[in-house]
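**Q** Kindly generate the corresponding structure for this input.
(chains A and B)
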Number of protein chains: 2
Amino acid sequence: MTSLGSLYGSKEDRPEFKTNMNVDYVVQYKLDKGQEEAEAGFIQLIEALTRVGLASEVRTGDESSLLVFVRVASPNYLANHIYRERVQDWLYGVRISTPDKDVGNEFTNQPVAEAERLRTVYLLITKPKNEGGAGITPNVGQWKNVTSVFPLHDHAFNRQWIKQWSSKYFLNEHDLEQIRDKFGENIAFYFAFMQSYFAFLLFPASFGFGAWILLGRYSWLFALVTSLWSIVFFEWWQKKEADLAVQWGVRGVSRIQHPRSQFKWDHEAADPVTGEAVKVYPPTKRLRTQLLQIPFAFGCLAILGALYVFCFSIEIFLGEIYNGPLKSYLTFTPTIILTGVLPTLSTILGSCAETLTDMENYETNDTHHAALVRKLFIINFITSYTPLFLSAFVYMPFGNLLVPYLDIWRVAAEKFTSEKSIATQGFHINPDRLKKQMIYFTVTAQIVNFALEVVVPYVKRKVFNEVEKAQAKGKALTANDVPEEHAFLERVRNEAKLDIYDVTGDYREMVVQFGYLSLFSAIWPLTPLAFLINNWIELRSDAMKIAVSSQRPTPWRADSIGPWLNALGFLSWLGSLVSAAIVYLFSGDAEGPGGDPSNIVAWGLLLSILVSEHLYLAAQWTVRYALSQIDSPGSQKERAQRFAMRKQVLEESLGLEVTEKPLPPTPAAGEKITRESLEEEARNISTKGGGTPEELFWLRQQGMDETIQIGRRLISQAKVATL
Amino acid sequence: MTSLGSLYGSKEDRPEFKTNMNVDYVVQYKLDKGQEEAEAGFIQLIEALTRVGLASEVRTGDESSLLVFVRVASPNYLANHIYRERVQDWLYGVRISTPDKDVGNEFTNQPVAEAERLRTVYLLITKPKNEGGAGITPNVGQWKNVTSVFPLHDHAFNRQWIKQWSSKYFLNEHDLEQIRDKFGENIAFYFAFMQSYFAFLLFPASFGFGAWILLGRYSWLFALVTSLWSIVFFEWWQKKEADLAVQWGVRGVSRIQHPRSQFKWDHEAADPVTGEAVKVYPPTKRLRTQLLQIPFAFGCLAILGALYVFCFSIEIFLGEIYNGPLKSYLTFTPTIILTGVLPTLSTILGSCAETLTDMENYETNDTHHAALVRKLFIINFITSYTPLFLSAFVYMPFGNLLVPYLDIWRVAAEKFTSEKSIATQGFHINPDRLKKQMIYFTVTAQIVNFALEVVVPYVKRKVFNEVEKAQAKGKALTANDVPEEHAFLERVRNEAKLDIYDVTGDYREMVVQFGYLSLFSAIWPLTPLAFLINNWIELRSDAMKIAVSSQRPTPWRADSIGPWLNALGFLSWLGSLVSAAIVYLFSGDAEGPGGDPSNIVAWGLLLSILVSEHLYLAAQWTVRYALSQIDSPGSQKERAQRFAMRKQVLEESLGLEVTEKPLPPTPAAGEKITRESLEEEARNISTKGGGTPEELFWLRQQGMDETIQIGRRLISQAKVATL
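**A** Residues are numbered from 1 along each chain as shown, chains lettered A, B, ... in the order given. Sure thing, here's the model as predicted:
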């Protein structure tokens, strides 16, 4: 049982956590078809693995699956693969220095990290046969019964990792390097981002605390400082990201990521770069499909917006107008509706987004993923921020005008309960509504989220395991286990049951959080402080999630946080507009327009938005320029490597001397050259006779001394002439 | 006499235009000091030239100068220099393919273009001695008397060029290539830009013509289309520019441009890239100086703004209020004041800009130039657009409120003329004022400018020459001329007198024009048509200016239109704000607010600006994304070259086979590998005895067949268990 207890508790010296039995990957094979089919599929699997030099051992999984343990049997073939991948990296400019001619030297100079080994083995298992892999695609087509392919956790490392992190405040480069070596750059980038974000939050957290004491809510100064902070953070991270990519040797790796197997092509053509035949899908055709994103976005806004407006109106009615029986219970109605409907709606819209992205038919997994993330961001944006938008820009300014329309709920309720008349109370705008909502989103929701993410899966697993143990069922199957392997196999069976970790969800959470900060933090200046505390825990609970409650992820490479960067930039910019509007509407007295739009000076509102946005753009330009003036160690390193590589190639092919500065001829030699060439010309002329005007022109003064002589004569003449 | 006539007329076969006597450069040496000093300087000059393998011939210039004709006497030393420069290009990534090992082959494969030769010779003359040059810096320090160093025009080419261009509408790639070969990429980029701008203008010109007939002035549709057009043009040009840079092999050349001789450094440090010692000036220190640009911009605005407001108020007073004697003459007063004061003020502010840029202390000529251009753009922006801003946003909306203040002019005039009372007329906002101004700037000013640029210098030169001929003075000096050289020398003396061509002025003119189009064309929809016609002439008159009325420029390299790109982007963006404001204020009836601000709905104005700007930003994002999806031939070529280069290096150093795909072992071989490794393990264990758990784990199933066998047993068991 993989649990917190087992990592920290007295059982920490249990031997099954100490070794992975040299297993590289575990393949889970589901048995759901008839026995013959299952056997045939199994034989194909083992043959395919053996063909690419992988040794396999089979053991019982759970009641309806086998576990196939895979290990590299031909280190040469693997080394060959890794070496070729490094060569390919160099060909596409990801790697700057050429790989060493000697394969042995290459691996001595740049040893194979665990992440690189695991990635290559995974590719060996999954790549198509014509590219030298076994062509096993989990859950797809012929390999439908292969439900997962995962490496085993390095529990010794995980324990060390969690222990270290829980006792330090900041992560350093070394910590990130470790994650990179174990889980790949893709996940390391997430932690690097989290760490930078956390460190950057210190400033607005302390400033916000000061503002909370001294300035109160809706302070323009606080909004301005937060906006400037978000610019600096965003620009700085862009630079940092590029820097890390260089330091980790993955810059530009997104260009050579792996093709999508579902990609449909129109025709084949020669790649203009490599000259190989590639499959082409015309970008104009894709562009047309991409335009569907616009109705999609409006559709999401209409559907989710309608749901929110519906719940919002019920909430206002029940909370602030209705005064009849069961009021304290009825106020939960909108929450119940939202909790019930929203996840379903999100899932439906999410699968629409997936269909749409499939239709856009991208060539690589990375571009496909980025396009999907863009659409998910739209859905997330609407679900996360609509309640606050409704409160700030509908309820507060237009409340008094709209409340009469809520009468339909009274009428409906009267019909429904067949009572004559429902008790109501006079309506007053609730000035604390915004702040309460904001506290809910920044504190309560984050705690709930933490519970859903960490505590619930943990409890669920614990209960499941207990239930399973209570049933005798498993016993019969594991009777096959050799006693000394039993503990290890039980551990692997547990890991096989864990979820697959997807970093996208964690990024989404952080980006949505950044949005609250950038858009609405003027409402409650303690927002950044709450996020700071949350993120300290989040960073560690994410580590825990990877180490304890997920299968070990395949260590992919990445050269940035990908499509989330644009989302951050967008939120940071939008913050300059929304914050300005909020501060303008509510500063002074917290009631703001108090439910009546006639209290708003429209041109004042628009002017403050306009000014705020342009201040934002100007500040962004300035920060970007200033940062561009400061050389980053990563780009410096890159340029130095590139230069050194070129110099080396040059010296190898041309010899050392060409890279040194040329020395000019000595004065005498120079004179000799000019005299010689002139004398030769003179000789030519005398043999040919005559001479062209050009030849004659250059023979009038033979050599430097004659030129000087004649020059002196001309100078003295000129003096005479001008006197 | 170099003139239009001489290039086209009956005299076109004059022999002095047919040959440049193999001269590479002409050095003009001024004689203004005492004879000894002049002689000493002259001797130094000739010695310095000879030392770097240049032959020289001296002839009389005008009454107080000598002409030193320079030619490469050591083709080897020059070839060496060119080759080393190509190697340096490669080292810094400008050139993608390595230069050929054999210098001869290299020059056969990529012959030296005239521009490359001339540039290298110029560098040979001007580079510091420790870098292999003669160290002659015209007009500076020791070389104060060297007033100019220029190559001779290729008149045969020039004649052909002008002739061709005057008979075709569009320039093609070949025309640009020719300019590039003769005058370098720096000037070729200007013509490429002009050509693209001209072609792009066709659309708004025809649309504007339609709008003029159908929609009238201040049409929001026309403003919208113009704004979209400016986005497409700007984004397209950015792409085109990068493309041309690749095709011309100059991409990234701005990074390795030549150091500024006036650069002052703080300390020396090792270059992190090349490892050489370089001079360092901390960027933070520079950043502090750069902040002075902000007060500078405000200062310019205050000074020039005050001048304009002063003239503007006089103009309104004299033109629309004053009704006394001499009115028709007096209305020219503001024009006279502006014509007198503005150039002086611009010059003063321009030299302030230069001082400021000097203080910013840039390392290279390119960055220095870009910083200077930024400041000049501020001055130009204010001088060009203030009159229209004043009319559109001060006169039209606030006219009636401000006119009473103009009474001071009446009072002043009465005091000055000591008349009792000056005749005035009732003031009415002149609704045609804006349009008239716009026509002035788009038609009249462009014609005046053309006259100043082309006709005046031509007439001046003609008159000067006549005067000179009339005086006998020159005769005495040219008496030294050998008769057969006389015509040629006269031609060179004429070229020495010509202005130095600076492409900055031409760029400035076009950028300012683009600004009128983007900011104010809603006022008069024929604006783009007027510019289209103007630019057809401009393109040819610029060619004429280079060919006929300037010294032949030294052919520098460049990889873009440089700092002007930012100016274009800024004007295009600002256009979305200004156009929206103009359309909102004046559409419907042309009087707009009619001098009274209370006619303006402030929130409507602000909202239309806000909406327009965000439409602009969204459109820009879309266009940029769409263009990024379309591969450009240049970047494709670059990637292909880079790939081919890397592949070649790889094959040279590692052998061909590594770039091919690895073949997996055959099924039998795969089985052999796994069996062999397992058997070896078994042997090891039997010799050592015992065996670790890991070793034992992998020995349970020896080889594929055993795994399959056991797997089948487990499958049948599982089926039994689950039934």
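
**Q** Enumerate every residue touching A:Leu388.
**A** A:Leu434, A:Gln437, A:Met438, A:Phe441, A:Leu519, A:Phe520, A:Ile523 (CB atoms under 8 Å, 6 or more residues apart in numbering or on different chains). Quick note: C-beta positions are derived from backbone N, CA and C, even for glycine.

**Q** Which of those sits closest to chain B?
**A** Proximity of those to chain B (CB to the nearest CB) peaks at A:Leu519, which lies at 16.5 Å.

**Q** ok, and of the contacts of A:Leu388, which contact chain B?
**A** Counting by CB under 8 Å from any CB of the partner chain, nothing from those sits close to chain B.

**Q** Quick check: residues of the stretch 251-400 of chain A near chain B?
**A** Applying CB under 8 Å from any CB, we find that the stretch 251-400 of chain A lies next to chain B at A:Pro272, A:Val273, A:Thr274, A:Gly275, A:Pro283, A:Arg286, A:Leu287.

**Q** Show me the shaky parts of the stretch 251-400 of chain A.
**A** Residues of the stretch 251-400 of chain A that meet the criterion pLDDT under 70 lie in A:257.

**Q** Which parts of it are helices?
**A** Secondary structure of the stretch 251-400 of chain A (DSSP state H, counting those that start in this stretch): helices at A:283-290, A:293-316, A:327-330, A:333-360, A:365-390, A:396-402.

**Q** okay, the ones you listed in a markdown table with distance to B:Asn449 next?
**A** Shown next, in a markdown table, are these (distance: least, CB to CB, whole Å):
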| stretch | distance to B:Asn449 |
| --- | --- |
| helix A:283-290 | 42 |
| helix A:293-316 | 45 |
| helix A:327-330 | 77 |
| helix A:333-360 | 50 |
| helix A:365-390 | 48 |
| helix A:396-402 | 53 |
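
**Q** Count the neighbours of the closest residue to A:Gly562 other than its chain neighbours for me.
**A** Nearest residue to A:Gly562 in three dimensions, chain neighbours excluded: A:Ala370, at 6.0 Å (CB to CB, 6 or more residues apart in numbering or on different chains). By other CB atoms under 10 Å in any protein chain shown, the residues close to A:Ala370 number 17.

**Q** circling back to that earlier point, I'd like to know which of the contacts of A:Leu388 are part of helices.
**A** Among these, the members found in helices (DSSP state H) are A:Leu434, A:Gln437, A:Met438, A:Leu519, A:Phe520.

**Q** Surely A:Trp212 is in contact with A:Leu526?
**A** Yes. Counting by CB atoms under 8 Å, A:Trp212 touches A:Leu526, with 5.3 Å between them.

**Q** Can you classify the spatially most central residue of chain A by secondary structure?
**A** For chain A, the residue nearest the mean C-alpha position is A:Ile561 (2.6 Å; CA atoms, centre = their mean). At A:Ile561 the chain is in coil, as set by DSSP: H, G, I helix; E, B strand; the rest coil.

**Q** wait, isn't it in contact with A:Phe189?
**A** Yes. Applying CB under 8 Å as the test, A:Ile561 and A:Phe189 come out as touching, 5.4 Å apart.

**Q** joint contacts of those two?
**A** Residues within reach of A:Ile561 and of A:Phe189 at once, by CB under 8 Å, 6+ apart, are A:Glu241.

**Q** Closest to B:Gln142 out of the contacts of A:Leu388?
**A** Nearest to B:Gln142 among the contacts of A:Leu388: A:Leu519, at 63.9 Å, using CB to CB.

**Q** What sits closest to that closest one if chain neighbours are left out?
**A** In space, A:Leu519 is closest to A:Val578, 4.5 Å off (CB to CB, 6+ apart).

**Q** And for A:Trp236?
**A** Nearest residue to A:Trp236, sequence neighbours excluded (CB to CB, 6+ apart): A:Leu627, at 6.7 Å.

**Q** Report the rounded mean pLDDT for the host helix or strand of that neighbour.
**A** Take DSSP states H and E as the rule and A:Leu627 turns out to sit in helix A:602-629. Averaged across helix A:602-629, pLDDT comes to 92.

**Q** Pull out the buried positions in the very next helix or strand once past that helix.
**A** Using DSSP H and E, the helix or strand that follows helix A:602-629 in sequence is helix A:633-654. For helix A:633-654, the neighbour count (16 or more other CB atoms under 10 Å in any protein chain shown) marks A:634-635, A:637-643, A:645-647, A:649-650, A:654 as buried.

**Q** So is helix A:633-654 next to chain B?
**A** Yes. Helix A:633-654 reaches chain B (CB under 8 Å from any CB) through A:636-637, A:639-640, A:642-643, A:646-647, A:649-650, A:652-654.

**Q** Put together JSON lines for the residues you listed, with pLDDT and distance to B:Pro387 on each row.
**A** Below are the residues of helix A:633-654 next to chain B laid out as JSON lines (pLDDT from 0 to 100; distance: CB to CB, whole Å):
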{"residue": "A:Gln636", "pLDDT": "82", "distance to B:Pro387": "49"}
{"residue": "A:Lys637", "pLDDT": "81", "distance to B:Pro387": "53"}
{"residue": "A:Arg639", "pLDDT": "80", "distance to B:Pro387": "48"}
{"residue": "A:Ala640", "pLDDT": "83", "distance to B:Pro387": "53"}
{"residue": "A:Arg642", "pLDDT": "79", "distance to B:Pro387": "51"}
{"residue": "A:Phe643", "pLDDT": "80", "distance to B:Pro387": "52"}
{"residue": "A:Arg646", "pLDDT": "77", "distance to B:Pro387": "54"}
{"residue": "A:Lys647", "pLDDT": "78", "distance to B:Pro387": "57"}
{"residue": "A:Val649", "pLDDT": "74", "distance to B:Pro387": "59"}
{"residue": "A:Leu650", "pLDDT": "74", "distance to B:Pro387": "58"}
{"residue": "A:Glu652", "pLDDT": "72", "distance to B:Pro387": "64"}
{"residue": "A:Ser653", "pLDDT": "67", "distance to B:Pro387": "62"}
{"residue": "A:Leu654", "pLDDT": "65", "distance to B:Pro387": "61"}
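
**Q** Can you give me the separation between A:Asp502 and A:Leu171?
**A** Using CB to CB, to the nearest Å, we find A:Asp502 at a distance of 22 Å from A:Leu171.

**Q** Would you indicate which residues of the longest helix that chain A contains are buried?
**A** When chain A is parsed with DSSP H, its longest helix is helix A:185-214. Using 16+ other CB under 10 Å as the test for burial, helix A:185-214 gives A:185-198, A:200-201, A:203-205, A:207-208, A:211-212.

**Q** cool, and stretch A:300-307?
**A** Those would be A:Cys300, A:Leu304, A:Gly305, A:Leu307, for stretch A:300-307 by 16+ other CB under 10 Å.

**Q** can you check stretch A:273-284 too?
**A** A:Val273.

**Q** Quick one: residues in contact with it.
**A** Under CB under 8 Å, 6+ apart, the answer for stretch A:273-284 is A:263-271, A:361, A:363, B:629-630, B:636, B:639-640, B:643.

**Q** end to end, how far does that stretch reach?
**A** In stretch A:273-284, first residue to last residue: 20 Å (CA to CA, to the nearest Å).

**Q** Return the distance of it from the chain's centre.
**A** 27 Å (CA atoms, centre = their mean, to the nearest Å).

**Q** for stretch A:676-695, same thing?
**A** Counting by CA atoms, centre = their mean, stretch A:676-695 comes out at 73 Å from the chain centroid.
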